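> can you look at this prediction? I've put the sequence above it.
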Amino acid sequence: MKDFAGKVAFITGGASGAGFGQAQIFSEAGMKVVVADVRDDHIEKASKHFKDKGAQVHFIKLDVMDKEGWVKAADEAESVFGTPDLLIQTAGVNNFGPIEASTYEDFDWVVGVNFLGVAYGLITWVPRMIKAGRGGHISTTVSLAAFTGGGTYGASKSGVLALMEGYYSALKAYGIEVSAMIPANINSNINDAMTKSRPEHLKNTGFNATPEVGEFMYNIMQSHGIDPRELALRMKKGIEDGVFLIVPYPSGAKIFEERHERWALYSTVDGMKELEERAKRPQTEEQKRLEFETEGYNRSMSFNAGARNEVGVGMALKDRDWVLESKRLK
Ligand code: NAI
């Protein structure tokens, strides 16, 4: 897709962080934008921004895990601006915890928003876009975690990436392009999702989701994350170029080579030995450079694993508490 002016965009999670950046950039490109988001505080702030600008942006409160909510949101969006030409699914959450401490609700929430939420959006919009017969573009904000794995978050993002590749092949016949963006850190508000966006009935967690953890992540995102507007510009360029994987940092290709090599090594006995040996070696300057580039877009990062441990990021709720079945089943 190369022309945006006068067309319609529908953006989930568009009231904060990466999605808010996308809503701004595509609105400024002349699009009519529908923002669908679950948080009243985010919607209030973002709608004020667009009202002040006199932009054509319509807000809908939607929980992407709610199937009926999706149908209502799509009906409303179509009655306000028409069927979207551009669908961007960016709503996402993270619980920053170790996978072995997960409760059923940790999976229900993270996979529910990050994977099923995207699937429901596709189930809702794809037939309507096909019926509208104008082609278009569907993009999703995935994450580098889709390649690094780890945790409920990484699992949900790997799933989304596979899903998007499936739709990429399937929708060519209808003139609908598909892409997946792979950011690392973003200067956003994802840190407070675990306390403020998580629904009451899914609150049972095995993770140390304290305000201190949220604050620690916030400081990392704010000081080292990419600016959401800049990220949205890179997404727009990827959409214009028609690439499937939108990699918003310079060393993207190199990182994928490393990841694929790791997968190849996992599959042989010698490869497994080699991986163990590599884990003992200190990081090379090149590896450090790549890590900094992907994690923060900023080489002067100062946080490290030690600091994370002190605060308890990525730790279970209480030492070994999570092994109790009663803590998982509530
Ligand atoms: P954010 O928290 O600032 O924005 C996410 C938006 O999604 C919020 O407005 C939130 O209200 C909304 N949302 C959450 N749950 C929802 C639900 N159930 N239904 C509808 N809307 C919902 O966070 P950020 O960082 O801008 O996240 C955007 C996307 O970027 C997510 O998919 C995230 O996984 C991804 N991402 C974030 C990274 C980061 O470092 N912050 C890194 C890589 C990817």
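The structure has been received and is ready for your questions.
> going by C-alpha atoms from here, please, whenever you check contacts or count neighbours.
Will do.
> pLDDT value on residue 293, please?
Looking at residue 293, its pLDDT reads 67.
> contacting residues for the residue nearest to residue 226 when sequence neighbours are not counted?
Take residue 226 and drop its neighbours on the chain: the residue closest to it by Cα to Cα, 6 or more residues apart in numbering is residue 186, 4.7 Å away. Shown in contact with residue 186 (Cα atoms under 8 Å, 6 or more residues apart in numbering): 17-18, 221-222, 224-228, 296.
> got the contact list for the helix ranked longest in the chain?
Counting by DSSP state H, the longest helix found in the chain is helix 151-171. For helix 151-171, contacts defined as Cα under 8 Å, 6+ apart pick out 93-99, 102, 106-107, 110-111, 114-115, 118-119, 140, 142-143, 145-149, 177-180, 244.
> one more: stretch 118-136?
With Cα under 8 Å, 6+ apart as the test, stretch 118-136 has contacts from 1, 64-65, 67, 70-71, 74, 83-86, 89, 140, 160, 163, 174-177.
> can you flag the buried ones in those residues?
1, 64-65, 67, 70-71, 74, 83-86, 89, 140, 160, 163, 176-177 (16 or more other Cα atoms under 10 Å).
> the strands in this protein, which residues?
Using DSSP state E, the strands of the chain run over residues 8-12, 32-37, 57-61, 86-89, 136-141, 176-181, 245-246.
> tell me which of the ones you listed sits most buried.
Of all the strands of the chain, strand 8-12 has the most neighbours on average by mean count of other Cα atoms under 10 Å, namely a mean of 28.
> average pLDDT across that one?
Mean predicted lDDT for strand 8-12 stands at 98.
> name every strand pairing with that strand and say which way it goes.
Sheet pairing for strand 8-12, assigned by DSSP bridges, gives strand 32-37 (parallel), strand 86-89 (parallel).
> need the residues of the stretch 1-150 of the chain near the ligand, please.
By Cα under 6 Å from any ligand atom, the residues of the stretch 1-150 of the chain that approach the ligand are 12-19, 37-39, 42, 62-65, 90-93, 113, 141-143.
> let's see 5 Å
Neighbours of the ligand within the stretch 1-150 of the chain, by Cα under 5 Å from any ligand atom: 13, 15-18, 37-39, 63-64, 90-92, 143.
> need the residues you listed in TSV with distance to residue 199, can you?
Putting these into TSV (distance: Cα to Cα, whole Å) gives the following:
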residue	distance to residue 199
13	16
15	18
16	18
17	20
18	21
37	14
38	10
39	11
63	10
64	12
90	18
91	14
92	14
143	23
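> and those residues, which two are furthest apart?
39 and 143 (21.4 Å; Cα to Cα).
> looking at those two, which is more packed in?
residue 143 (22 against 17; other Cα atoms under 10 Å).
> quick one: that one and residue 239, what's the gap?
Using Cα to Cα, to the nearest Å, residue 143 is found at 17 Å from residue 239.
> mind checking how far the residue of the chain positioned farthest from its centre is from residue 241?
Residue farthest from the centre of the chain, counting by Cα atoms, centre = their mean, is residue 270 at 35.0 Å. As judged by Cα to Cα, residue 270 and residue 241 stand 40 Å apart.
> same check on residue 118?
As judged by Cα to Cα, residue 118 and residue 241 stand 23 Å apart.
> and what of residue 226?
In terms of Cα to Cα, residue 226 sits 21 Å off from residue 241.
> again, but for residue 193
Taking Cα to Cα, one finds residue 193 at 32 Å from residue 241.
> of those two, who's got more company?
Neighbour count, other Cα under 10 Å: between residue 193 and residue 241, residue 193 has more, with 17 against 12.
> ok, that one touching residue 94?
Yes - contact status for residue 193 versus residue 94: in contact at 6.9 Å, counting by Cα atoms under 8 Å.
> could you pull out the helices in the stretch 51-200 of the chain for me?
Ranges of helices in the stretch 51-200 of the chain, per DSSP state H, counting those that start in this stretch, are 67-80, 104-111, 117-132, 145-148, 151-171.
> which of those helices sits most buried?
Highest mean neighbour count of the helices of the stretch 51-200 of the chain: helix 104-111, a mean of 21 (counted as mean count of other Cα under 10 Å).
> what's in contact with that helix?
Applying Cα under 8 Å, 6+ apart, the contact partners of helix 104-111 are 92-95, 152-153, 155-156, 198, 202-206, 328-329.
> out of those, which end up buried?
Buried among the contacts of helix 104-111 by 16+ other Cα under 10 Å: 92-95, 152-153, 155-156, 198, 202, 204-206, 328.
> in a markdown table, list the residues you listed along with pLDDT.
Formatted as a markdown table, these follow (pLDDT from 0 to 100):
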| residue | pLDDT |
| --- | --- |
| 92 | 98 |
| 93 | 96 |
| 94 | 91 |
| 95 | 85 |
| 152 | 91 |
| 153 | 92 |
| 155 | 94 |
| 156 | 97 |
| 198 | 94 |
| 202 | 95 |
| 204 | 91 |
| 205 | 90 |
| 206 | 89 |
| 328 | 73 |
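> that concludes my questions; thank you for your assistance.
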